[in-house]
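A.B. asks: turn this into a model:
(chains A and B)
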There are 2 protein chains.
Amino acid sequence: MSEEPTPISYEDLAEIEDAFAEVDDEIMRRQYELSSSLYARRAEAVAKIPNFWPLVVEQAPMEIEDYITHEDSAVFAEHLINLSVSRPEIENGKKGNPRSVEIRMEFSANEYFEDTTLVKRCWYRRANDGWTGLVSEPVKIHWKKSKDLTDGLTDAAVALWIAREKAGDATATALPEYKALEKKVENWNGSNTSFFTWFGWVSGRRYVSLEESEKANAEHATRKEARKSGSKSRTDDAEDTEDAEAEDDSAVEVHQQGEEVAASLAEDVWPNAIKFFTQAQELDDDPEADFEDSDLDGEDDQDGDDQPIDIRSLVQGKEKVRTRDSFGPPSKKQKK
Amino acid sequence: MSEEPTPISYEDLAEIEDAFAEVDDEIMRRQYELSSSLYARRAEAVAKIPNFWPLVVEQAPMEIEDYITHEDSAVFAEHLINLSVSRPEIENGKKGNPRSVEIRMEFSANEYFEDTTLVKRCWYRRANDGWTGLVSEPVKIHWKKSKDLTDGLTDAAVALWIAREKAGDATATALPEYKALEKKVENWNGSNTSFFTWFGWVSGRRYVSLEESEKANAEHATRKEARKSGSKSRTDDAEDTEDAEAEDDSAVEVHQQGEEVAASLAEDVWPNAIKFFTQAQELDDDPEADFEDSDLDGEDDQDGDDQPIDIRSLVQGKEKVRTRDSFGPPSKKQKK
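C.D. replies: Modelled structure (predicted):
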């Protein structure tokens, strides 16, 4: 601490972070390549286990559990028949960004929505001011009459998306659909936390188009090269923030933590699904270990919103999941 | 859900998990190889930044923050000069387990302990009943007189370790050192949460020796091969639990979440150090964003144990950290 250290700048640190990110990209591609056949094998195996995915979701990490209401739990418990995650930009050896993910949920016929598959595609992009992160188009859910668990939020998000596309401006605010969604988000104010709202999520900040991202990546690469070639007196033009206000589209964002939910599904739930499932089974074997649910048999007081979600007991009400050793076909127990 | 699925067993799932674990091992080795020169470059850069590591620790994730007392904060803020993580079993292309980690902290001379370097080695091992996880020898900290932040817990953990080594039994309980530590742990009962107690941590369950682990790994590999060669009528001898009680050494475990702390340091703090540092700087630039500390200038009421830790303000009391663009040598401000 007593020597005079050479000054070091944020730019130097950013350069190191860039190099780490490149390694991460390579590692993610390699991992995807090495594990895709294993995921296929797992999918085949778990398809034979009744309620595999509902039980996994029940053990979901906090980032997701926070956004699962009791009504959502019922939908997952009774109708979620498959979940899968892929990385569309690196599929089949493509050299795109390994952080872009496609999350697909399959549902059996149900009273809530017409869709049998909901697919959320999240793209890792760079904005012209240097911001990087996931963005996504809102997904239309075809809710059945009076069954919209998101209180119209997903519909309004899709409506604004379409209106902005027509206007040719992905952040346009002078649109009736903008005012409508803004009002909905304002009224909502955190009170509708249905998981399905996540399908309407766009961005942690604002949408970034593929075109903008490609341009920004090219510029970023040029700057990086310039730095590497060692011009010490580099101009810190960096990425310029022209209009900070235009960057914040959160007034019409239906889900504040959409990126975290996507990351948690893709990087935790998906790779660790068997672990989460096994945990659910173990809790099932040992009710004392079940600190999430102190009254396993008291299913009547499930209405309070503060109560932890218990998909397991919902699932068990339907059909008992086999424990240990072997999972046969579901036994045909009557609903309790 | 209407077809009769072929039964599937925990063994099938375990086999898939084993295959995933093999891919993970390969990926971790490759990542280590690709990033080690980058970590060296980062170490060189951050050595020039005053208080880099104290600021990183201040932004540490929950798993660690929960175990940092106000006294610990003062030690980190004033004396933590370096932190590094390595993977001793895969160093220089060795083919050992990539999950074993060595966490090294360097301190400047201080009033608390004599050591300038504390090294915690955590080994990923398999027990003869199939349990896998990190285990570690307790690390002796040479506390200065009346300065032991762990209230004797690390000393007692080391004393039991030595006594058990002499007895040739790593889980012996009929030892005075066992009774002594058991009593300390019982009295302690969660009230001493000094981070330094972690150096005394042994295992989430019980210690597993290298010898036991190698034997268990060999047996595990044999079973795996047998399964692969397709003997459908495999005997589910699995790993047998002989004496469940002997597996639980938690009565003398000084830190209940030692493995989580090690994982968090190795897999989050270490790879993301620059991000955590940048976060700390940004909070510094924008006091309103600092939700961890609502009274930045009120340093007097830091005694309450429930208050969030604020290493940043401790550090700032000592010397102002430069913000943005360039970090020169520390300015010689007086301690406030």
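A.B. asks: A:Ala262 against A:Ile103, yeah?
C.D. replies: Yes. If you go by C-beta atoms under 8 Å, A:Ala262 and A:Ile103 touch, sitting 6.6 Å apart. All C-beta spots, glycine's among them, are computed from the backbone N, C-alpha and C.
A.B. asks: which neighbours do these two share?
C.D. replies: A:120, A:122 (C-beta atoms under 8 Å, 6 or more residues apart in numbering or on different chains).
A.B. asks: elements contacting the lengthiest helix in chain A?
C.D. replies: In chain A, with assignment by DSSP state H, the single longest helix is helix A:10-46. Counting contacts by 3 or more C-beta pairs under 8 Å, 6 or more residues apart in numbering or on different chains; DSSP states H and E, helix A:10-46 packs against strand A:80-86, helix A:210-228, helix A:273-285, helix B:10-46, helix B:273-285.
A.B. asks: quick one: buried residues of it?
C.D. replies: Within helix A:10-46, the residues that count as buried by 16 or more other C-beta atoms under 10 Å in any protein chain shown are A:10, A:12-17, A:19-20, A:23-25, A:27-32, A:34-35, A:39, A:42, A:45-46.
A.B. asks: how about A:Gln31, nearest residue that isn't a chain neighbour?
C.D. replies: B:Ile27 (4.9 Å; C-beta to C-beta, 6 or more residues apart in numbering or on different chains).
A.B. asks: can you pull the contacts of the one you found?
C.D. replies: So B:Ile27 contacts A:27, A:30-31, A:34 (C-beta under 8 Å, 6+ apart).
A.B. asks: what would the helices and strands packed on helix A:10-46 look like in TSV with distance to B:His70?
C.D. replies: Converted to TSV, those look like this (distance: least, C-beta to C-beta, whole Å):
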stretch	distance to B:His70
strand A:80-86	42
helix A:210-228	41
helix A:273-285	35
helix B:10-46	25
helix B:273-285	18
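A.B. asks: in TSV: those, plus distance to B:Leu118 and mean pLDDT.
C.D. replies: Listed next are the helices and strands packed on helix A:10-46 as TSV, based on distance: least, C-beta to C-beta, whole Å; pLDDT from 0 to 100:
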stretch	distance to B:Leu118	mean pLDDT
strand A:80-86	40	97
helix A:210-228	37	90
helix A:273-285	32	86
helix B:10-46	18	94
helix B:273-285	18	86
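A.B. asks: ok, and what's touching the biggest strand by length in chain A?
C.D. replies: Looking across chain A with DSSP state E, the single longest strand is strand A:117-126. Residues outside strand A:117-126 that contact it (C-beta under 8 Å, 6+ apart): A:88-89, A:97, A:99-107, A:132-137, A:139, A:141, A:198-199, A:201, A:208-210, A:212-213, A:216-217, A:220, A:259, A:262.
A.B. asks: can we see that at 7 Å?
C.D. replies: Here strand A:117-126 makes contact (C-beta atoms under 7 Å, 6 or more residues apart in numbering or on different chains) with A:88, A:97, A:99-106, A:132, A:134-136, A:139, A:141, A:199, A:208, A:213, A:216-217, A:220, A:262.
A.B. asks: do the same with stretch A:246-262
C.D. replies: With C-beta under 7 Å, 6+ apart, stretch A:246-262 has contacts from A:63-64, A:67, A:101, A:103, A:122, A:129, A:133-134, A:153-154, A:157, A:160, A:171, A:178, A:181-182, A:185, A:197-198, A:200-207.
A.B. asks: among these, which ones are buried?
C.D. replies: A:63-64, A:67, A:101, A:103, A:122, A:129, A:133-134, A:153-154, A:157, A:160, A:178, A:181, A:185, A:197-198, A:200-207.
A.B. asks: narrow those to those in strands?
C.D. replies: A:101, A:103, A:122, A:133-134.
A.B. asks: and those, which two are the farthest apart?
C.D. replies: A:Ile103 and A:Gly133 (15.9 Å; C-beta to C-beta).
A.B. asks: and stretch A:102-113, how far out from the chain's middle?
C.D. replies: Here stretch A:102-113 is found 16 Å from its chain centre; the criterion is C-alpha atoms, centre = their mean, to the nearest Å.
A.B. asks: now the end-to-end length of it.
C.D. replies: 21 Å (C-alpha to C-alpha, to the nearest Å).
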